[in-house]
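Enquirer: Sharing a model that was predicted from the sequence below.
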Amino acid sequence: MVLALVSISLATLISLIAVHTLEPRRVVLTLVLHSMTIGLLEAYYCLGKEAGELPYAALSLLISSVVVPYLLLRLALGITSVGERTPRWVTVASLSLLCLYAYIAVCPPAELGKVALCAASAAVPLLMVASGRDPVRVLVGINMASNSLHPLLSEAPALLSLLSSVSMLLANVIGVLVALSAYREYGSPLIEGWA
């Protein structure tokens with residue numbers, strides 16, 4: 001449990017860094033760090049479980065930490081920074097979520113186990129989705145939130161983990177294709193400019 005707490009806490013701090021990073025390429029690099037942190041925790045959990053089956057959750061997360069950032073970097077090559085500061089409400093919300101996370105980490109509810117910790121960790125990247133005006137930040141926020149819930153999938157059947165990872169990968173491919181075609185058509189990295 002200590003390794004899970006440290007790993008999920010590190011992933012949450014990486015999410016906070018991504019929320020306040022303005023350049024799309026750096027946001028994608030924080031996604032790589034976030035995915036690798038959660039993926040290594042999954043790999044450790046699967047090795048400790050000594051399961052005879054292939055650890056789909058860990059393998060799919062480690063593979064997606066290579067494939068998804070490549071797709072997003074491809075999208076980010078044409079998009080430069082939108083030049084905006086992080087809105088004040090995002091800073092206040094991220095500090096509030098950090099305090100909530102610290103409280104849950106110190107005094108975890110016994111009946112919830114890892115669920116409360118993963119839910120608090122998944123709430124931080126959703127700030128990127130709520131405040132993001134460019135598609136790279138929105139897609140990275142969705143990926144980080146999904147990755148934060150992966151430690152819960154390690155206890156699920158392998159088929160469920162595989163289907164979840166495949167559906168997330170397909171959603172990313174579709175998101176990148178839609179964002180690229182909208183960027184080419186409208187010439188603006190901002191979602192508001194696509195109307």
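Expert: Arrived safely, thanks for sending.
Enquirer: Could you give the number of residues near residue 149?
Expert: Burial of residue 149 is recorded as 15 neighbouring residues (other Cβ atoms under 10 Å). The way it works is simple: take the backbone N, C-alpha and C, and place the C-beta from them, glycine included.
Enquirer: swap that for residue 167, sorry
Expert: 11.
Enquirer: Helix, strand, or coil at it?
Expert: Put simply, residue 167 is helix when judged by DSSP: H, G, I helix; E, B strand; the rest coil.
Enquirer: What ranges does this protein have for its helices?
Expert: 2-19, 24-49, 56-76, 88-106, 114-123, 126-131, 135-148, 150-153, 158-186 (DSSP state H).
Enquirer: weakest of the ones you listed by average pLDDT?
Expert: Ranked by mean pLDDT, the helices of the chain bottom out at helix 56-76, with a mean of 67.
Enquirer: want to throw the helices of the chain into TSV with distance to residue 192?
Expert: TSV is the format used below for the helices of the chain (distance: least, Cβ to Cβ, whole Å):
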stretch	distance to residue 192
helix 2-19	20
helix 24-49	16
helix 56-76	17
helix 88-106	17
helix 114-123	25
helix 126-131	13
helix 135-148	11
helix 150-153	32
helix 158-186	10
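Enquirer: any idea how far residue 138 is from residue 177?
Expert: 14 Å (Cβ to Cβ, to the nearest Å).
Enquirer: Give me the most central residue, the protein.
Expert: With distances taken as Cα atoms, centre = their mean, residue 144 lies nearest the centre of the chain, 0.5 Å away.
Enquirer: Not counting sequence-adjacent ones, nearest residue to that residue?
Expert: Nearest residue to residue 144, sequence neighbours excluded (Cβ to Cβ, 6 or more residues apart in numbering): residue 125, at 3.5 Å.
Enquirer: I'd say that neighbour and residue 145 touch.
Expert: Yes: assessed by Cβ atoms under 8 Å, residue 125 is found in contact with residue 145 at 4.5 Å.
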